[in-house]
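Chemist: predicted coordinates and the sequence they were generated for:
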Amino acid sequence: MAKVNIPFMQTGTLVVGNRLLDEQDRSVQAWQDRASSLTHGHRACQGCAEALAARWVLDTAMEVTDGKLMVANATGCLEVFSTLYPESAWKIPWIHSLFANAASVATGIAAVNAVTGRGDIRVIAQGGDGGTADIGMACLSGMFERNDDVLYVCYDNQAYMNTGVQRSGATPPAARTATTPAVGRQPGNTFGQGKFMPKIAMAHEIPYVATATVADLRDLEAKVRTAMSHRGARYLHVLVTCPLGWGTKSADSIKVARLATQCGLFPVFEAEYGELKSSTKIRERVPVEDYLKLQRRFAHLFGANADEAALERIRRLADRNIRMYNLLPEGAAA
Amino acid sequence: MPELLEGSQAIARAVALCRPSVVCAYPISPQTHIVEALSGLVRTGKLANCDYINVESEFAAMSVSIGASAAGGRVYTATASQGLLYMTEAIYNASGLKLPIVMTVANRAIGAPINIWNDQSDSLSQRDSGWLQLYAVDNQEALDLHIIAYKIAEELSLPIMVCMDGFVLTHASDVVEIPTQEQVDAFLPPIKPLEKLDIAEPRSMGMMAGPDVFTETKYMAHQVMFHANDVIKRVTREFEEAFGRPSGKPVRVWGPDGEDRPARQGEIAVIGMGSVMGTMQAVAPTLWDRGVRTRLITLGSYRPFPATSVRQAIGAADRVVVLDRALTLGVGGVLSFDVRRSMARLGIPLHSVVCGLGGRPITEQSLAETLTRGKAGDLGELEFMDLKTELVGKVG
């Protein structure tokens, strides 16, 4: 299915009702016969964007592969809330081995499928930002470097949420977590940190790297389709809001993810073989404060003891992203 | 047909005869020659329908093996020492997931101090990992054990370490009998996994088990280990019938009189695993003539531990000497610990002789001296063979 540019039907959103579209343009979720790979009954928090993203990613991949899909899952929220024995929310062949090894497990599955003449069965590995950018990075890098036929999906909620919101290598600067409390000379996470895995993936020059958020699920779906049209190692990095860890309202998960892109702090783009191919332009640029203020993890930056210096550094991070990934529409002032 | 081969080359040939789908390993001495040879066999097409995967660590090697085995493939890997420790988390995971992976451990010491030479500290550190552990006395047995291991692993749906002394066996050239492909195919049918990832029958593997079922899970795994004792006995018997060699017996009893019987009064039961028992076999006849009568009890299986057979083999021995190739600090020999448990209330003294740590040669002379002292009643409960007392400072 070619990606269709859909006109905006509501102010401030890219989402349109499926019923307004021609049938071939509707999302996988519009159809009753969708795989429901991650089905109901799991134990994710209200407003969990990881559960939403995983469902969209896997249902799309299931459609593309005609149901020939196997999944290796890293330890983390997604695994814990979906598979407490004897109940499983997965309707696909699914394996959880360890925290750090989802990429390697996927490599093994893909190898056996290929050797036994079942190369038509595709493999996805998935994990959170900790299992991807921290403890699992060696296995992931190995999978990239060998160009194994695996799509790795990182659901990035920017901290170790499953264990109670501790800082990860992907936690952004100034964010308060259980291990970077908002006290001391530099409250929250240290500046200069916040590992951005997509760039590291691009450095491996693999066939496809893309980012997405739950604010634009059709874009997420399109990127899964593109990813599955390639063979070899592919990486998809999805920003997923976490009401528990970010201190956001459950009802705001989509809104907060959208603000992350519109303020420039989270760039949405595609890259092939290490080269930036396209980026999703910011439609209506907003100040970083609009994004940060909705999250209690940044509350210490505002109010009576507002940290203007920290805010300025965060603004500069957004500016740099906008330059680096060319996020403003043609002719717009940076 | 008999061939003169380095141990590692022989292992690679045996593994290839088992037709694995995936070989995945990270280099570490003294395992490297095995996986080098296998990568060559895959590249040249001599080992067909197999992928050789170069990985970035032992942790990844075991993790790829887990994925490949979960997808229903027959999988091989090999490691040693630090590499075994580096993959430890995945080792426990593989057995918990009941994946019939076969892995060679080219036994090597663990640092610090870093030491590449042979002892059995590495595999014995994985005592509680839920893997079966089989030990080879010589290269023929090591070769045979790989074929045997796949059969046992796939029947039990459990992973197996085939342990062979690093360098002493892996790098030693010996004449071995390589079976034919037809022989191996007849003995080892294609893998039929107990469960696997399957698009026709989607299942979730590796789920979380809470306090309500965890104990029961472990209890059942424990019972399977007892059952494994019987399976090893049966499969090694089948192997002997098919190949004419008694390789892989969980417990083998031998004395210079050539009799396979438990030890009697007036005899010392000598218990050990691996190549040291080959050395013992060379020493035993001379000792016998000097009145130091030994009954050699060679363990082919350490996990499961064949406690009943060990107890029977000890019989009415005057004393038991365990040749310990690994040490648990502040306690003593690792193997002695298991042997002592299996001879509870026999009232026979046990001497743990720690020997050959970090590649210290275990000479026939030292073994003869130690056992002569044993006969005279001069051995303590814990002895360090050939300890250079002049190098050991005052401790404490």
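Modeler: Thanks, I have it. Numbers count the residues shown, from 1 in each chain, chains lettered A, B, ... in the order given.
Chemist: which residue is nearest the middle of the chain?
Modeler: Using chain A. In chain A, the centroid-proximal residue (C-alpha atoms, centre = their mean) is A:Val238; its distance is 1.1 Å.
Chemist: wait, I meant chain B there
Modeler: Centre-most residue of chain B, counting by C-alpha atoms, centre = their mean: B:Tyr135, 2.8 Å.
Chemist: excluding chain neighbours, what is closest to that one?
Modeler: B:Met273 (4.1 Å; C-beta to C-beta, 6 or more residues apart in numbering or on different chains). All C-beta spots, glycine's among them, are computed from the backbone N, C-alpha and C.
Chemist: burial of the residue in the stretch 1-150 of chain A positioned nearest to chain B, as a residue count?
Modeler: Chain B sits closest to A:Gly108 of the stretch 1-150 of chain A, with a gap of 2.6 Å, by C-beta to the nearest C-beta. Using other C-beta atoms under 10 Å in any protein chain shown, A:Gly108 has 36 other residues around it.
Chemist: is the closest residue to it other than its chain neighbours in a helix, a strand, or coil?
Modeler: Excluding the flanking residues, the one nearest A:Gly108 by C-beta to C-beta, 6+ apart is B:Gly67, at 2.6 Å. Using DSSP: H, G, I helix; E, B strand; the rest coil, the structure places B:Gly67 in helix.
Chemist: show me where chain A has its helices.
Modeler: For chain A, the helices defined by DSSP state H cover A:49-64, A:77-80, A:102-115, A:129, A:137-146, A:197-203, A:217-229, A:243-246, A:253-262, A:288-292, A:308-324.
Chemist: per-residue pLDDT, the residue of the stretch 1-150 of chain B found nearest chain A?
Modeler: Closest to chain A within the stretch 1-150 of chain B is B:Gly67: 2.6 Å, counting by C-beta to the nearest C-beta. The score at B:Gly67 is 98. That number is its pLDDT.
Chemist: now do the same contact list for it.
Modeler: Going by C-beta atoms under 8 Å, 6 or more residues apart in numbering or on different chains, B:Gly67 touches A:72, A:95, A:97, A:104-112.
Chemist: any idea which of the helices of chain A is most buried?
Modeler: Between these, helix A:102-115 has the highest mean count of neighbours, a mean of 30, where neighbours are mean count of other C-beta atoms under 10 Å in any protein chain shown.
Chemist: show the contacting residues for B:Phe305.
Modeler: B:338, B:342.
Chemist: and if you look at B:Ser275?
Modeler: Contact analysis of B:Ser275 by C-beta under 8 Å, 6+ apart lists B:136-138, B:164-165, B:168-169.
Chemist: who wins for neighbours among these?
Modeler: Greatest neighbour count in the contacts of B:Ser275, by other C-beta under 10 Å, goes to B:Met164: 34 neighbours.
Chemist: partner strands of the host helix or strand of that residue, with direction?
Modeler: In this structure, B:Met164 is located in strand B:160-165 according to DSSP states H and E. Its sheet considered, strand B:160-165 pairs with strand B:102-107 (parallel), strand B:132-135 (parallel) by DSSP bridges.
Chemist: could you export the helices of chain A as TSV, including mean pLDDT?
Modeler: Output for those, formatted as TSV (pLDDT from 0 to 100):
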stretch	mean pLDDT
helix A:49-64	98
helix A:77-80	98
helix A:102-115	98
helix A:129	98
helix A:137-146	98
helix A:197-203	98
helix A:217-229	96
helix A:243-246	98
helix A:253-262	97
helix A:288-292	98
helix A:308-324	96
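Chemist: using JSON lines, lay out these together with distance to B:Ile191.
Modeler: Below are the helices of chain A laid out as JSON lines (distance: least, C-beta to C-beta, whole Å):
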{"stretch": "helix A:49-64", "distance to B:Ile191": "27"}
{"stretch": "helix A:77-80", "distance to B:Ile191": "27"}
{"stretch": "helix A:102-115", "distance to B:Ile191": "10"}
{"stretch": "helix A:129", "distance to B:Ile191": "37"}
{"stretch": "helix A:137-146", "distance to B:Ile191": "24"}
{"stretch": "helix A:197-203", "distance to B:Ile191": "34"}
{"stretch": "helix A:217-229", "distance to B:Ile191": "29"}
{"stretch": "helix A:243-246", "distance to B:Ile191": "43"}
{"stretch": "helix A:253-262", "distance to B:Ile191": "45"}
{"stretch": "helix A:288-292", "distance to B:Ile191": "53"}
{"stretch": "helix A:308-324", "distance to B:Ile191": "50"}
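Chemist: out of these, which gets nearest to B:Asp198?
Modeler: Each of those has some distance to B:Asp198 by C-beta to C-beta; the shortest is helix A:102-115, at 11.1 Å.
Chemist: tell me how far the closest one lies from the chain's centre.
Modeler: Relative to its chain's centre, helix A:102-115 lies at 22 Å (C-alpha atoms, centre = their mean, to the nearest Å).
Chemist: so which elements touch it?
Modeler: strand A:69-73, strand A:122-128, helix A:137-146, strand A:151-156, strand B:22-25, strand B:51-54, helix B:58-70 (3 or more C-beta pairs under 8 Å, 6 or more residues apart in numbering or on different chains; DSSP states H and E).
Chemist: now with 7 Å, please.
Modeler: Judged by 3 or more C-beta pairs under 7 Å, 6 or more residues apart in numbering or on different chains; DSSP states H and E, helix A:102-115 is in contact with strand A:69-73, strand A:122-128, helix A:137-146, strand B:22-25, strand B:51-54, helix B:58-70.
Chemist: how about the residues of chain B by chain A?
Modeler: By C-beta under 7 Å from any C-beta of the partner chain, the residues of chain B that approach chain A are B:21-22, B:49-51, B:53, B:55-57, B:59-60, B:63-68, B:70-73, B:89-90, B:93, B:97, B:197-199, B:202-210, B:213.
Chemist: just the buried ones from these, in ChimeraX syntax?
Modeler: To isolate the buried ones among these in ChimeraX, judged by 16 or more other C-beta atoms under 10 Å in any protein chain shown, type:
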select /B:21,22,50,51,53,55,56,57,59,60,63,64,65,66,67,68,70,71,72,73,89,90,93,97,197,199,202,204,205,206,207,209
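Chemist: that older thread, could you dump the helices and strands packed on helix A:102-115 into TSV with distance to B:Val105 added?
Modeler: Shown next, in TSV, are the helices and strands packed on helix A:102-115 (distance: least, C-beta to C-beta, whole Å):
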stretch	distance to B:Val105
strand A:69-73	26
strand A:122-128	28
helix A:137-146	22
strand B:22-25	12
strand B:51-54	19
helix B:58-70	11
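Chemist: ranges for the helices of the stretch 251-396 of chain B?
Modeler: For the stretch 251-396 of chain B, applying DSSP state H, counting those that start in this stretch gives helices covering B:276-289, B:307-314, B:334-342, B:364-375.
Chemist: make CSV out of those helices and add distance to A:Tyr152.
Modeler: Output for the helices of the stretch 251-396 of chain B, formatted as CSV (distance: least, C-beta to C-beta, whole Å):
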stretch, distance to A:Tyr152
helix B:276-289, 46
helix B:307-314, 46
helix B:334-342, 40
helix B:364-375, 54
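Chemist: adding distance to A:His300 and mean neighbour count, write these out as a markdown table.
Modeler: Putting the helices of the stretch 251-396 of chain B into a markdown table (distance: least, C-beta to C-beta, whole Å; neighbours: other C-beta atoms under 10 Å in any protein chain shown) gives the following:
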| stretch | distance to A:His300 | mean neighbour count |
| --- | --- | --- |
| helix B:276-289 | 65 | 19 |
| helix B:307-314 | 62 | 19 |
| helix B:334-342 | 53 | 20 |
| helix B:364-375 | 69 | 18 |
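Chemist: which one of those helices lies nearest to A:Asp59?
Modeler: helix B:334-342 (51.4 Å).
Chemist: so what touches that closest one?
Modeler: B:124, B:271, B:273, B:305, B:307, B:310-311, B:320, B:322, B:324, B:326-328, B:331, B:350, B:352 (C-beta atoms under 7 Å, 6 or more residues apart in numbering or on different chains).
Chemist: wouldn't A:Thr211 be in contact with A:Ala271 here?
Modeler: No - using C-beta atoms under 7 Å, A:Thr211 is not in contact with A:Ala271, being 9.1 Å away.
Chemist: no further queries at this time; thank you.
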